[in-house]
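Chemist: Return a 3D structure for these sequence lines:
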Amino acid sequence: MRLIAGLPELLPAFIAAFVVTALISFVLTPAVRVLAHRLGVVDEPNHRRVNTQPIARGGGVAVGIAFIGVSLVLTLLVASGSLGPGFSLLSIDQGTMTALLLGAALAVLIGLLDDVLNLRARWQLVSQLVLAIGAVLLGVNIDSIANPFGAGQIPLTGIWGIAFTIFWIVGMINSINWIDGLDGLSSGIGLIAAFTLGLISLTFSAGELGQPYVALLCFALAGALLGFLRWNFHPASIFAGTSGVMLLGYSLAILSILGTAKIAVALLVLGVPIIDTFWSIVRRLATGSSPFTPDRGHVHHRLMDLGLTQTRAVLVIYGLSLVLAVLSFVLSGAGQLYGFLGIVVASGLVLLILTRRSLVLNDFEASSYEESEAPDPATPKASGSRLHGPKDRPA
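Modeler: I've put the predicted structure just below:
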């Protein structure tokens, strides 16, 4: 991959977008946390959550204000020519820009409604479909994907392109939601993904002349996530909540669509949450359960079952995401798809091994426990219940 010409002249704008959104998010997040506690918008400890005390949710509001607000300012600056000739709105039409920023704002509001009212899963899925359909009506469309069987692209015309676009947006939102089980996990993965998509937008693979303006938006999102991550990393004082999940999943889905080469890139970079979602659905259907039934079969749960602390489990997944990000630069469009499919198979084997190992360890501990002196019924067991992640349902 070759970087676009004139990149040194564009760097100040990229750095400014990243730093400004990071600072805004960093400052706003504590204010959102205080307000959430006052309104009672918190995650109470229970057998499926990692927190042992009430933690504010709704952190996506701070991320959304930083990302959407700065993106609007950047758009005005680009339109007026204030950022120089290297930036152009030609790489993204008005309808798509509206879909990105208006859709992101609606995603935050819908998610915030769930943070406050705990909506049923069916209504959340409906809201995701509304967001996706709205984006399509405004012109967002995946019209082709990399051909895994040869050179070029496979066109997606008519209903196929619309269906795949809706599936991509809804799927991305839920992939981010289902990986959001540990402090800083979804926001950190999102940061890596946004930064990678920004770098890819500065190469010729993203288009004949690259997409500096799209890169600017990606770096703005990455900065907003970094500012929030300061408060969301373990021990977290605030969770992204459904508002953050909806914003992040929707924004990454749209940004990855802006340049067909980035669909395969997003598959790789976001391979951990996407593959985790895929195998979760397969596992639940295989046991006769609903795909949205909560369980502790996610990859981060498996890592913690092996003895990793929450922080180490998160860092391991960060590392995997960084490796996949590097692969997205090394491999071609078709190679990226092959890489993704290979990771799907490999991850399935790894998860199977981890599952069997976890079952063996649990059986061993249970048998040892039964042979020992019976515990005092008044003494609570030190079970792993506090390691259970948040609700597994459409965000």
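Chemist: can we go C-alpha only for contacts and neighbour counts from here?
Modeler: Noted.
Chemist: what number of residues lie near Asn232?
Modeler: Applying other Cα atoms under 10 Å, we find 24 residues neighbouring Asn232.
Chemist: Revised request: answer the last question for Gly6.
Modeler: Counted with other Cα under 10 Å, Gly6 comes out at 9.
Chemist: three-state assignment of the residue lying closest to it once chain neighbours are set aside?
Modeler: Leaving aside its chain neighbours, Gly6 sits nearest to Gly86 (7.4 Å; criterion: Cα to Cα, 6 or more residues apart in numbering). Secondary structure state of Gly86, per DSSP: H, G, I helix; E, B strand; the rest coil, is coil.
Chemist: List the contacts of stretch 72-85.
Modeler: 13, 87-89, 101, 213 (Cα atoms under 8 Å, 6 or more residues apart in numbering).
Chemist: Quickly name whichever of the residues you listed is closest to Thr309.
Modeler: Closest to Thr309 out of the contacts of stretch 72-85 is Leu101 (37.0 Å), distances taken as Cα to Cα.
Chemist: can you pull the contacts of the nearest residue to the closest one once chain neighbours are set aside?
Modeler: Distances taken as Cα to Cα, 6+ apart put Ile68 closest to Leu101, at 6.1 Å, once the chain neighbours are dropped. Applying Cα under 8 Å, 6+ apart to Ile68 gives the contacts 101, 104-105.
Chemist: Which element, helix or strand, includes Ile68?
Modeler: Taking DSSP states H and E as the criterion, Ile68 maps to helix 60-80.
Chemist: Can you report how many residues lie near Arg120?
Modeler: Arg120: 12 neighbours (other Cα under 10 Å).
Chemist: picking up where we left off before, can you list the contacts of Ile68 in JSON lines and add distance to Ala132 and pLDDT?
Modeler: Output for these, formatted as JSON lines (distance: Cα to Cα, whole Å; pLDDT from 0 to 100):
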{"residue": "Leu101", "distance to Ala132": "13", "pLDDT": "95"}
{"residue": "Ala104", "distance to Ala132": "11", "pLDDT": "97"}
{"residue": "Ala105", "distance to Ala132": "13", "pLDDT": "97"}
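Chemist: I'd assumed Asp180 was in contact with Ser186.
Modeler: Yes. Using Cα atoms under 8 Å, Ser186 is in contact with Asp180, at 5.0 Å.
Chemist: Now for these two: what residues contact both?
Modeler: Counting by Cα under 8 Å, 6+ apart, the residues touching both Ser186 and Asp180 are Val245.
Chemist: Report the inter-axis angle for the helix or strand that the helix holding Ile68 is followed by versus helix 60-80.
Modeler: Next along the chain after helix 60-80, taking DSSP H and E as the criterion, comes helix 94-117. Per axes from the mean of the first three to the mean of the last three Cα atoms, to 10 degrees, the angle that helix 94-117 makes with helix 60-80 is 170 degrees.
Chemist: Other residues contacting helix 94-117?
Modeler: 41, 57-58, 60-61, 64, 68, 71-72, 119, 124, 127, 131, 134-135, 138-140, 241-247, 250-251, 254-255, 395.
Chemist: that older thread, quick one: which of the contacts of stretch 72-85 is most hemmed in?
Modeler: The most crowded member of those, judged by other Cα under 10 Å, is Tyr213 (24 neighbours).
Chemist: show me the contacts for the nearest residue to that one once chain neighbours are set aside.
Modeler: Excluding the flanking residues, the one nearest Tyr213 by Cα to Cα, 6+ apart is Phe87, at 5.6 Å. Applying Cα under 8 Å, 6+ apart to Phe87 gives the contacts 78, 81, 212-213.
Chemist: Among these, give me the pair with the biggest separation.
Modeler: Greatest spatial distance in the contacts of Phe87: Gly81 and Pro212, 13.5 Å, computed using Cα to Cα.
Chemist: which stretches of the protein form helices?
Modeler: 7-39, 60-80, 94-117, 121-137, 159-179, 185-200, 212-232, 241-257, 261-269, 271-286, 299-305, 310-330, 333-371 (DSSP state H).
Chemist: between the contacts of Ile68, which is nearest Phe164?
Modeler: Nearest to Phe164 among the contacts of Ile68, counting by Cα to Cα, is Ala104 at 19.6 Å.
Chemist: Tell me how many other residues surround that closest one.
Modeler: Ala104 has 25 nearby residues by other Cα under 10 Å.
Chemist: any idea of the pLDDT on Ser321?
Modeler: Looking at Ser321, its pLDDT reads 88.
Chemist: contacting residues for Leu197?
Modeler: Shown in contact with Leu197 (Cα under 8 Å, 6+ apart): 215, 218, 255-256, 262, 265-266.
Chemist: Quick one, which of the residues you listed are buried?
Modeler: Neighbour counting with 16 or more other Cα atoms under 10 Å marks 215, 218, 255-256, 262, 265-266 as buried within the contacts of Leu197.
Chemist: Could you check how far Leu89 is from Phe204?
Modeler: Look at Leu89 and Phe204: by Cα to Cα, to the nearest Å, they are 17 Å apart.
Chemist: do the same with Gly210
Modeler: Per Cα to Cα, Gly210 is found 5 Å from Phe204.
Chemist: Same drill for the two, tell me which one is more crowded.
Modeler: The neighbour count for Gly210 versus Phe204, taken as other Cα under 10 Å, is higher for Gly210 (22 against 17).
Chemist: Go ahead and confirm Val299 touches Asp276.
Modeler: Yes. Using Cα under 8 Å, Val299 is in contact with Asp276, at 6.5 Å.
Chemist: For Gly207, report the pLDDT, please.
Modeler: The per-residue confidence score, pLDDT, reads 46 for Gly207.
Chemist: follow-up on the earlier one: now the two most distant members of the contacts of stretch 72-85.
Modeler: Largest separation among those by Cα to Cα: Ala13 and Leu101, giving 19.3 Å.
Chemist: From Leu23, how far off is the residue nearest the centre of the chain?
Modeler: The C-alpha lying nearest the average C-alpha coordinate of the chain belongs to Ile176 (Cα atoms, centre = their mean; 3.8 Å). Look at Ile176 and Leu23: by Cα to Cα, they are 24 Å apart.
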